[in-house]
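J.: below: sequence and its predicted model.
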Amino acid sequence: MNTMGIPPFIPELASEHALRFEYLFWYITITSGVVGLALYAALLYFCVVYRRGVNPGPTPRILGSLRLELAWTVIPAFVFLSYFAIGVYVFNKAAHPPEDSMEVFIIGKQWMWKAQYPGGQRVIIGGNPRNMTEAERNSIGKLVIPAGRPVKFTMISEDVIHSFGIPAFRQKMDVLPGRYTTMWQHPTKTGEYHLYCDQFCGTWHSLMVGKVKVVNGAEFDSWLMGHQPFQGSDNAVDGSLAHEGRQLFLKLQCINCHSATPTGKAPVLEGLWGTRVPLKGGGGEWADDQYIIESIRKPRGKVVDGWEGVMPAYDESQVTNEELNALVAYIRSLKKGQTPDNTQRFPAPNGAPTDRTQSPPPPKKGN
Amino acid sequence: MSIAAPQGAPAAAPVPPEPGPLPVNYLNNGHSIWSWLFTVDHKRIGILYLVSISIFFVAGGIAAGIVRLNLLQSDGAIVSEDAYNRAFTAHGVMMLFFFLIPAVPAVFGNFFIPMMIGTKDLAFPKLNLASWYVFMLGAALAIWSVLVGGIDTGWTLYPPYSTRASQSNVIPGVLGVFISGFSSIMTGLNIMVTIHKMRAPGMTWSRLPLFVWSLYATSLIQLLATPVVAITLVLLMVERAWGVGIFDPSLGGDPLLFQHMFWFYSHPAVYIMILPGMGVISEVLTCFSRKNIFGYHAVAWSSMGIAVVGFLLWAHHMFVAGISFYAALLFSLLSMLVAVPSAIKVFNWTATLYRGSISFQAPMLFSIGFVVLFIIGGLTGLYLATLGTDIHLHDTYFVVAHFHFVMVGGMVMGYFAGLHYWWPKMTGRMYSDFWSRFAACVIVVGFFFTFIPQFVIGYHGMPRRYPNYPQEFQFFNVMSTAGAGVLGVGYLMPAVYLTLSLINGKRATANPWSATGLEWVSQSPPPIFNFDESKMPVVVCGPYEYSLGVDQMGRTLPDAPTGAPAELHEGTAADGHGPTSPAKQES
């Protein structure tokens, strides 16, 4: 993709609608192509056979033919109506989401997309990379959706009209200020696909782009929990259980000892979940949810080999069971190199409004 | 069949060695600047329009060049995003409002409608002159808005972007378009009244040349649709200037209201652009194939059908804009209906060539180019009228390619066909036969290379108005830009050889193409009142009696040119009537 490439003959097909689109597209292409080529053949034939050098005249006085006129009025009309009818069939499917669709809210603004999932997870997609800091650029997310499940997008704009279009799904829909529009898709194929703004929306219109990442259902569920950062940034997706755990991890100052450096006061927690931990005094323990809970509630019970049991116990008055679940989810999601910097104690959540100066201020209002 | 062929044919009147000074005509009757600026002669006003729109065509072409060059690289090759947005807006506004809409009606309509129906002038000559001044005032405002920084909204001007967010000179540009709209209304009214009231004796409705029919249909749209866009633009300016909530939902307005009103004009407006081109094609194809038009009434009524149905399908520009499901169904169905009369025209044009005696001078090459490109332009419109495909192709390069096939492949080709067909009549000079044919071929080839790749990347989803695009689209964008270079050269060529023809072109006879229309009856260039006042034309038959070899006044046609360059220019007499008809000579 880095060299000047030629796209495949048929663009990627990643949803049920995309397949229906292709059938219709090629039905129109073949039928109208036959008519167009027949007309070209007739034009060429007439221009060669009846050129003046061969046929100097006189020409017959042909005024027309009612039969032919009727034929090339009625037959094309029926062909066009067949396009209309099949087009309505495809459009009808595309316009009415199934009852059991998962609803994702999409908010468009100059020049980014924000997606909100039913469980509170949030992703920012796109935005203008040229106006961003390195950190902001790295946190640009992807719209993660599951393959094999219907997803309904309910969309609104914060400023001007945008249009939410995904070519691999063969559909787009304008995103208006002041009212909701919807579109839905049933993705069939995992992968990453382009997401474009298709309605001109100002200076960085062409950078209001991003990626849609289609993952399989189980992966999607684990992403929703925050276990895997498919949205593209390092951290558990905003608003997930693991993301909440991360905030707690900083707030409770766990980070002070469980830092990213192995020389700290406590073991590094990156990549811990699912490994076998050697215990002081021999033996080992699988680092599963149960082990992590125990290590918080009764940290001196099973101390890791090579460390002293200095960690205080956190009982329910300090960490509720709910908070404990969040911490477990976070530690489960914590991969190599992802332990936060100690200075990142209270970072703004990913979904928080970013730099306002990107959008031009509205002109003076009447009152 | 021509001067070169039959040795035994009776000698024509001796060819004068050097043509003497031209008789008084509309061009040599006064040379001062005031004789042009205050003229009420429809022919001079047509020339004024020709010069003006040529300038705007060049201006719009330069903007297109910036757009295409910038797309050579996937992150913008030459200009910033802001400059790119201004360039494509300038291209759209210039080409649509100041070239395509006035091109054929205001130039050839002004010049030839009175001549084709056999009268001295349009019904309202002073209104005609006023229309040019109004047009120039609007154009001056639009150009000024570009020169002081440009507009970045796209020619579609969708609010609330255009009223709230855009930091560019929206108001002067919109005001310019608003003002020039009145010129369009004036021209339409003038042409319509002229066709109704001033036809020569014997020029019945079913003897009207098809160009007149198509301009009648065009005028109907100009008259009825333009006021709608005028008030829409006023509302847009009011909202932008004073924050009165009409379209901006944060002020209590509705952005879709603008789109409905805008397309209620701008969809019929594409028929303002294409119908006159179709009229030109009907004239040229018949003349250069020496045939009656196949299905006169079908072609004439299909123009009217397009004009009327064209009012009923504006919302097919809005299938993904948030209109209701059933509205989308209705407008898709109606859009299919308008494809039928367009198809009828193409079938009839093709059938006209059957058993003709076809020669390939530049007007004919441009016309065949029109038909070839319009077939693709028309058929690809079906994808966009079909709901299931439009929801993907909308707002992609597929749309861009489609409307350029219709507007440039169709209308601009039709405009050039008309320009080359009528140039001898308008100027009294013949242009280079070789270079004009060559230019026609270069333009068609360049056109294909420019716009076929855009269908491909549009199908692949590349959105419109994108200075930055993914790498995989670069190959086709480079190909498109290369094609645009060829196209640009093709468009420059007529500018050169047509200008040269004014200086050293051979004198044109009254009827160099041996055409049947009344505009070919009088000398080239025509006299001040079009016809010899003592013998105003009386029409005795329909417009395309090429097989009978008579013009609309029943007089025998001169020999048709074979197309060999030497034969084009040496007419035998000032009235251009050869001694024998092609039919007689053939025996």
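T.: Looks like it came in fine.
J.: any low-confidence regions in the chain?
T.: As the question left the chain open, I've gone with chain A. Along chain A, the parts satisfying pLDDT under 70 run over A:1-5, A:128-139, A:342-367.
J.: can you look at chain B instead?
T.: Scanning chain B for pLDDT under 70 picks out B:1-20, B:562-587.
J.: what about the longest helix along it, near chain A?
T.: Counting by DSSP state H, the longest helix found in chain B is helix B:255-289. Yes - taking Cβ under 8 Å from any Cβ of the partner chain as the criterion, helix B:255-289 and chain A are in contact, through B:255-256, B:289. No exception for glycine: its C-beta is placed from N, CA and C like everyone else's.
J.: stretch B:75-89 and chain A, any residue contact?
T.: Yes - contact of stretch B:75-89 with chain A (Cβ under 8 Å from any Cβ) involves B:81-82, B:85.
J.: which residue ranges of chain A form helices?
T.: Under the criterion DSSP H, chain A carries helices at the ranges A:16-49, A:66-95, A:134-138, A:217-225, A:241-251, A:254-257, A:289-297, A:321-333.
J.: could I get the ones you listed in a markdown table, plus columns for distance to residue A:146?
T.: Formatted as a markdown table, the helices of chain A follow (distance: least, Cβ to Cβ, whole Å):
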| stretch | distance to residue A:146 |
| --- | --- |
| helix A:16-49 | 14 |
| helix A:66-95 | 19 |
| helix A:134-138 | 25 |
| helix A:217-225 | 4 |
| helix A:241-251 | 18 |
| helix A:254-257 | 32 |
| helix A:289-297 | 24 |
| helix A:321-333 | 18 |
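J.: rewinding a little: now do the buried residues in the helix or strand following the longest helix of chain B.
T.: Following helix B:255-289 in sequence order, the next helix or strand is helix B:296-309 (DSSP states H and E). Within helix B:296-309, the residues scored as buried using 16 or more other Cβ atoms under 10 Å in any protein chain shown are B:296, B:298-300, B:302-309.
J.: just name the closest of those residues to chain A, please.
T.: Of all the buried residues of helix B:296-309, chain A sits closest to residue B:298, with 4.9 Å by Cβ to the nearest Cβ.
J.: does that closest one touch residue A:70 like I think?
T.: No - applying Cβ atoms under 8 Å as the test, residue B:298 and residue A:70 come out as separate, 9.7 Å apart.
J.: chain B is nearest to which of the helices of chain A?
T.: helix A:66-95 (2.8 Å).
J.: by contact count, what packs against the closest one?
T.: helix A:16-49, helix B:325-353, helix B:362-385, helix B:387-393 (3 or more Cβ pairs under 8 Å, 6 or more residues apart in numbering or on different chains; DSSP states H and E).
J.: and the second one with chain A, contact?
T.: Yes - legend: contact between helix B:325-353 and chain A by Cβ under 8 Å from any Cβ is shown at B:325, B:328-329, B:332-333, B:336-337, B:339-340, B:343-344, B:346-348, B:350-351, B:353.
J.: filter those residues down to the buried ones.
T.: Neighbour-count burial (16+ other Cβ under 10 Å) is assigned, among these, to B:328-329, B:332-333, B:336-337, B:339-340, B:343-344, B:346-348, B:350-351, B:353.
J.: so residue B:183 is in which element?
T.: helix B:170-197.
J.: got the buried residues for that helix?
T.: In helix B:170-197, counting by 16+ other Cβ under 10 Å, buried: B:170-192, B:194-195.
J.: same check on stretch A:89-100?
T.: Across stretch A:89-100, burial judged by 16+ other Cβ under 10 Å covers A:90-91, A:93-95, A:97.
J.: and the helices in the stretch 101-250 of chain B?
T.: Using DSSP state H, counting those that start in this stretch, the helices found in the stretch 101-250 of chain B span residues B:101-102, B:110-117, B:125-147, B:170-197, B:210-242.
J.: all helices of the stretch 401-550 of chain B, in order?
T.: Taking DSSP H, counting those that start in this stretch as the test, the helices found in the stretch 401-550 of chain B are B:413-427, B:433-459, B:474-504.
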